[in-house]
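Visitor: with the sequence up front, the predicted model follows.
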Amino acid sequence: WQDVFSAFSAEMNKVIVRRVVDQEYTIRIRAVALACDNTARASLTNMKQFNGKFGCTWCLDPGFSNGPGVRLYSVQNNSTMRTVDTYREALQASLRNGTEDEKLGVIGTSPLQEVLPAFPLTCAVDYMHTVCLGVTKRVLLAIYSSLSKSEAKELDNFAGRVKLPSDFSRSIRALKDLYHFKASEFRTWLLYIGPVILRNFVNLEVYVNFMRLSFAIRSFLETNAYLDECDQLLNSFCNVMAEFDFNQQTFNLHSLRHLTWQVRNLGPLWTTSCFAFESAHNALTSRFTGTVNHLNLLAERYLTNKRNLQSGKSSTTRTNSSCWMVPSETTKRLQRDGERVYERCVIRGLKFDSEVYMRSQANSFVAFKEGGEVMFGRIHCFHDDGSFKQFSYRRVEILEEIKCPDDFSLPSFCFRVKVMDKIDYSDQKNIVRKLVPVKTSDDLFLVNEQFLIGFQKNARFKRIMGGLVGSLSGTVLGIVTYAMARE
């Protein structure tokens, strides 16, 4: 690790000078956080693992032993947060071979000290490993194991009938395969289908506690406007989990209590999530084979793929810098005088389908603003008369709104709806976000997509950097960076 991060630190200290038209810019790259799983974090920070005394990276809670190799963290403890000063004092105690209570879990120096600010607090809680693969898995396992055989079979059959749009790469699997779920499947259950499915199969207390976690994590992924409310939701969630089973007080559950500080200081959870880094790691490692010349193969195949994309013919019509229209024979019969009609559209980097697009499981539901009010609609098709771009839609009526537990004022994200027949028109610029339709045999629910339009572009450089570091190290980790440009 020392060699990798020494080279990385040297590259970070370089100043990049670029000229754009007649203006020269000086660019500096700075690291702001580390994203990795719990085991890798202990190795990188050179601190004790989560199952050792003082194994928490962010606070001074020693935890308590619950058997060989098992350490739990009481949900009742309000431990002191670590600071840069307490870390340095503990490091000095470690170097002079002080007592365990003086070392506070610090084993020795870390290569990240010269890379990250406010180390080790900026070694972030990873939402992918901690929340999805950790806490959500335990919650769903506890729920599923509490059901009778007939109830569990009915739940699996019900989940199998739920349909999601093609935006989701993985279809819904039954909870009997829970141990084989990927992180994205746990994310789907937590943020999209769990609020719809579980309310029919678990008692109210269990469902409310699941919704505490779902509302808090969704809010942390999007905004820092409800930090206090989310902190109380997570505290209540942790307390109920501990009451349900004493052994649920794991390090992952303890880490939830540090999410509020992280979102307040490092931004929404998606900025420090390993999902993007895992994706980039897979994309890069799939571009080379063999055991030698990996970097040359990677560069060669990347450039070849780029040339193929540039030389290939595209059926997409670019109408301006933020909108691409995709024509189709299907929409010719819908055209009005002096306009063209399209069945798909890319707006500010995000693809939208219409209901006339005949591909199975296409997603045509959106939220948009009309007269200052946020409305739901199902896009019928897209229209362009050369000067004004509109979309026709069928209005969606909200029948039921699933509200936040404990009477907190967090905005709802899940709605039971009905699609109306009347077709209206609105400007494409009014579209705010996509909505995810969750179709059951009897009802249609709409769930807010995780990101607003344009969020994906903000993580582009982060994905590239994370993939490179992961490929070089053999484990998936990412360094979240940002660039500062000055004239």
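Guide: Sure thing, it's come through.
Visitor: which SS state does the residue nearest to the spatial centre of the chain fall under?
Guide: Closest to where the C-alpha atoms of the chain average out (C-alpha atoms, centre = their mean) is Trp270, at 4.4 Å. When classified by DSSP: H, G, I helix; E, B strand; the rest coil, Trp270 comes out as helix.
Visitor: verify the stated contact: it with Leu221.
Guide: Yes: between Trp270 and Leu221 there is a contact under C-beta atoms under 8 Å: 5.3 Å. Just so you know, the C-beta spots here come from the backbone N, C-alpha and C atoms, and that holds for glycine as well.
Visitor: torsion angles phi and psi at Leu60?
Guide: phi -100, psi 30 (degrees, to the nearest 10).
Visitor: count the neighbours of Asp126 for me.
Guide: Residues contacting Asp126 under the criterion other C-beta atoms under 10 Å number 29.
Visitor: kindly export stretch 240-247 (C-alpha atoms) in PDB.
Guide: Listed in PDB are the C-alpha atoms of stretch 240-247, where the atom choice follows Å, rounded to 0.1, in the frame of the first residue of the first chain:
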ATOM      1  CA  VAL A 240     -35.700  -1.600  17.900                       C
ATOM      2  CA  MET A 241     -33.200  -3.900  16.300                       C
ATOM      3  CA  ALA A 242     -31.300  -4.300  19.600                       C
ATOM      4  CA  GLU A 243     -34.600  -5.000  21.400                       C
ATOM      5  CA  PHE A 244     -35.500  -7.600  18.800                       C
ATOM      6  CA  ASP A 245     -32.200  -9.400  19.100                       C
ATOM      7  CA  PHE A 246     -29.300  -8.600  21.400                       C
ATOM      8  CA  ASN A 247     -26.800 -10.000  18.700                       C
END
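Visitor: ok, and what's touching it?
Guide: By C-beta atoms under 8 Å, 6 or more residues apart in numbering, the residues outside stretch 240-247 that reach it are 66, 72, 74-75, 138-139, 142, 205, 209, 212, 248-249, 253.
Visitor: mind doing that once more with 7 Å?
Guide: 75, 142, 209, 248-249, 253 (C-beta atoms under 7 Å, 6 or more residues apart in numbering).
Visitor: between those, which is nearest Ser169?
Guide: Among the contacts of stretch 240-247, Ala142 lies closest to Ser169 (C-beta to C-beta), at 27.0 Å.
Visitor: okay, and the closest one sits in which element?
Guide: Element membership for Ala142 (DSSP states H and E) is helix 137-145.
Visitor: show me where this structure dips below the pLDDT cut-off.
Guide: 1-2, 15-17, 19-21, 306, 308-338, 360, 387, 450-487 (pLDDT under 70).
Visitor: thinking again about what came up before, and the contacts of stretch 240-247 as CSV, adding neighbour count, secondary structure and distance to Thr285?
Guide: Below are the contacts of stretch 240-247 laid out as CSV (neighbours: other C-beta atoms under 10 Å; DSSP: H, G, I helix; E, B strand; the rest coil; distance: C-beta to C-beta, whole Å):
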residue, neighbour count, secondary structure, distance to Thr285
Val75, 19, coil, 39
Ala142, 15, helix, 35
Asn209, 23, helix, 39
Gln248, 19, helix, 36
Gln249, 22, coil, 37
Leu253, 22, helix, 32
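Visitor: which one of the residues you listed is nearest to Phe119?
Guide: Out of the contacts of stretch 240-247, the member with the shortest distance to Phe119 (by C-beta to C-beta) is Leu253, at 24.7 Å.
Visitor: residues near the residue lying closest to that closest one once chain neighbours are set aside, how many?
Guide: Spatial nearest neighbour of Leu253, excluding adjacent residues (C-beta to C-beta, 6 or more residues apart in numbering): Cys238 at 5.6 Å. When neighbours are counted by other C-beta under 10 Å, Cys238 registers 24.
Visitor: then Gln92?
Guide: When neighbours are counted by other C-beta under 10 Å, Gln92 registers 13.
Visitor: do Asp22 as well
Guide: 5.
Visitor: about what we covered before: now, among the contacts of stretch 240-247, which is nearest to Asp385?
Guide: Nearest to Asp385 among those, with distances taken as C-beta to C-beta, is Asn209, at 52.0 Å.
Visitor: hang on, Pro297 packs against Phe288?
Guide: Quick fix: residue 297 is Leu, not Pro. Yes: between Leu297 and Phe288 there is a contact at 3.8 Å, judged by C-beta atoms under 7 Å.
Visitor: when the two are compared, which one has more neighbours?
Guide: Phe288 (18 against 14).
Visitor: mind listing what that one touches?
Guide: Contacts of Phe288 by C-beta under 7 Å, 6+ apart are 294, 297-298, 301.
Visitor: quick one, strands of the stretch 51-200 of the chain?
Guide: Assigned by DSSP state E, counting those that start in this stretch, the strands in the stretch 51-200 of the chain fall at 64-65, 71-72.
Visitor: contacts for the last one?
Guide: Under the contact criterion C-beta under 7 Å, 6+ apart, strand 71-72 has outside partners 51-52, 55, 63-66, 249-250.
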